[in-house]
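Participant: For reference, the sequence and a predicted model appear below.
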Amino acid sequence: MKGFINLIKPQGMSSAYAVGAVKKKFNLPCGHMGTLDPMASGVLPVGIAKTSRLFQYLLDKEKIYVAKFKFGFSTDTLDVTGQTVDTTTVIPTLQQINSVLGNFVGEIDQVPPKYSAKCIDGKRGYQLARKGVDFELAPKKVTILGAECLGQTDENEFEFKFTCKGGTYIRSLARDIGFACNSLGVMSSLDRRACGIFDYSNGVSIEELKSSDNPEKFLIAPDLAVNFEKVILTEKQATKILNGVFEDYGIKDGTYRVYNQEDFWGVGEAENGAIKIKAYVR
């Protein structure tokens, strides 16, 4: 069996627990892409069996988040679950927020949260932070394709919509937008609305999946998630590739979806006309 389950994770549940429910339902190993913190909700793509090998080709897909930021204080985790470390009486207006949002669109430098999976000398940032170790993380390049303030939701809270590439920390945007408005900001909620082809329209709740007598109906075909050009092998070509014989098929260098007639085999890389499958799902 192969395919993706687009699980809609509820707030308050860990990604590991959610994936465990999928494993139990299909009785197969599973992997997931783009961990969501327990406080976050939304799209969590889960690869069934060998399908998870395709995640390396999905990491740079567009993602859409809707988040709420509270202003007037900062925390050690950059969200409302952390310990308050500083406060201010300055609360930005909608006009002030809109005046700085353009600075966060495009390729920008972003310092990841200390409470993150970033590694420092072989240790995860969150492991060091929990032990009280003082350290700094270097800025990284991230790409924000769109940033919009959807309006004010509370006295010191505003809702935002971000379209971005992989690796972006929304919690860091709360901090940085706060600083840009001469205030302090933290993330108070987060909902991932889309991740590549995965969005709420093709998602399934964990309750619906658990109660289904036919969970296979929720599977999304693995080749739908990768939009590379197709290469369809003949039986002879397929046999040679399986035997480690790579011949010049006259195709240009690049990344392809590889098929043996109708069956999707995986993603391959072509060089000098020959193609090698790098992520088998067959």
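Facilitator: Perfect, thanks for sending it.

Participant: Outline the domain layout of the chain.
Facilitator: Domain ranges of the chain: 3-60+198-223, 63-195, 228-280, per automatic domain parsing.

Participant: Report the mean per-residue pLDDT for the last one.
Facilitator: The pLDDT scores in domain 228-280 average 89.

Participant: The helix or strand containing residue 175 - contacts with which helices or strands?
Facilitator: In the assignment (DSSP states H and E), residue 175 maps to helix 170-180. Judged by 3 or more Cβ pairs under 8 Å, 6 or more residues apart in numbering; DSSP states H and E, the packing partners of helix 170-180 are strand 63-71, helix 94-101, strand 106-110, strand 157-164, strand 185-195. For the C-beta atoms, the positions are set from N, CA and C on the backbone; glycine is no exception.

Participant: could I get the domains of the chain as CSV with mean neighbour count?
Facilitator: Supplementary listing: these in CSV, determined by neighbours: other Cβ atoms under 10 Å:
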stretch, mean neighbour count
domain 3-60+198-223, 18
domain 63-195, 17
domain 228-280, 15
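
Participant: I'd say residue 37 and residue 190 touch.
Facilitator: Yes. Between residue 37 and residue 190 there is a contact at 7.4 Å, judged by Cβ atoms under 8 Å.

Participant: TSV please, covering the helices and strands packed on helix 170-180 and showing distance to residue 13.
Facilitator: Converted to TSV, the helices and strands packed on helix 170-180 look like this (distance: least, Cβ to Cβ, whole Å):
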stretch	distance to residue 13
strand 63-71	18
helix 94-101	30
strand 106-110	27
strand 157-164	22
strand 185-195	13
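
Participant: Which of the ones you listed sits closest to residue 83?
Facilitator: Of all the helices and strands packed on helix 170-180, strand 185-195 sits nearest to residue 83, with 11.0 Å by Cβ to Cβ.

Participant: got the CA positions of that closest one in PDB?
Facilitator: Extracted in PDB, the C-alpha atoms of strand 185-195 (Å, rounded to 0.1, in the frame of the first residue of the first chain):
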ATOM      1  CA  GLY A 185       5.000  39.900  20.200                       C
ATOM      2  CA  VAL A 186       4.300  36.200  20.700                       C
ATOM      3  CA  MET A 187       2.200  33.700  18.800                       C
ATOM      4  CA  SER A 188      -1.100  32.800  20.400                       C
ATOM      5  CA  SER A 189      -2.500  30.300  17.800                       C
ATOM      6  CA  LEU A 190      -1.400  28.700  14.600                       C
ATOM      7  CA  ASP A 191      -3.300  26.800  11.900                       C
ATOM      8  CA  ARG A 192      -1.500  25.400   8.800                       C
ATOM      9  CA  ARG A 193      -4.100  25.700   6.000                       C
ATOM     10  CA  ALA A 194      -2.000  24.200   3.200                       C
ATOM     11  CA  CYS A 195       1.200  22.400   2.500                       C
END
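
Participant: mind listing what the helix or strand following it pairs with, with the direction of each?
Facilitator: Next helix or strand after strand 185-195 toward the C-terminus (DSSP H and E): strand 198-199. Within its sheet, and counting by DSSP bridges, strand 198-199 is paired with strand 185-195 (antiparallel).

Participant: okay, the angle between the partner strand and strand 63-71?
Facilitator: 160 degrees (axes from the mean of the first three to the mean of the last three Cα atoms, to 10 degrees).

Participant: Please compute how far the helix holding residue 175 lies from its chain's middle.
Facilitator: 19 Å (Cα atoms, centre = their mean, to the nearest Å).

Participant: Contacts for it, please.
Facilitator: 65, 67, 69, 71, 74, 77-79, 92, 97, 100-101, 103-104, 110-113, 144, 147, 160, 162, 184-187, 190 (Cβ atoms under 8 Å, 6 or more residues apart in numbering).

Participant: any idea of the mean pLDDT in it?
Facilitator: 96.

Participant: ok, now stretch 183-190?
Facilitator: Rounded mean pLDDT across stretch 183-190 is 97.

Participant: Over to stretch 65-74?
Facilitator: 98.

Participant: Stretch 1-12 now?
Facilitator: The model assigns stretch 1-12 a mean pLDDT of 94.

Participant: Sounds good, over and out.
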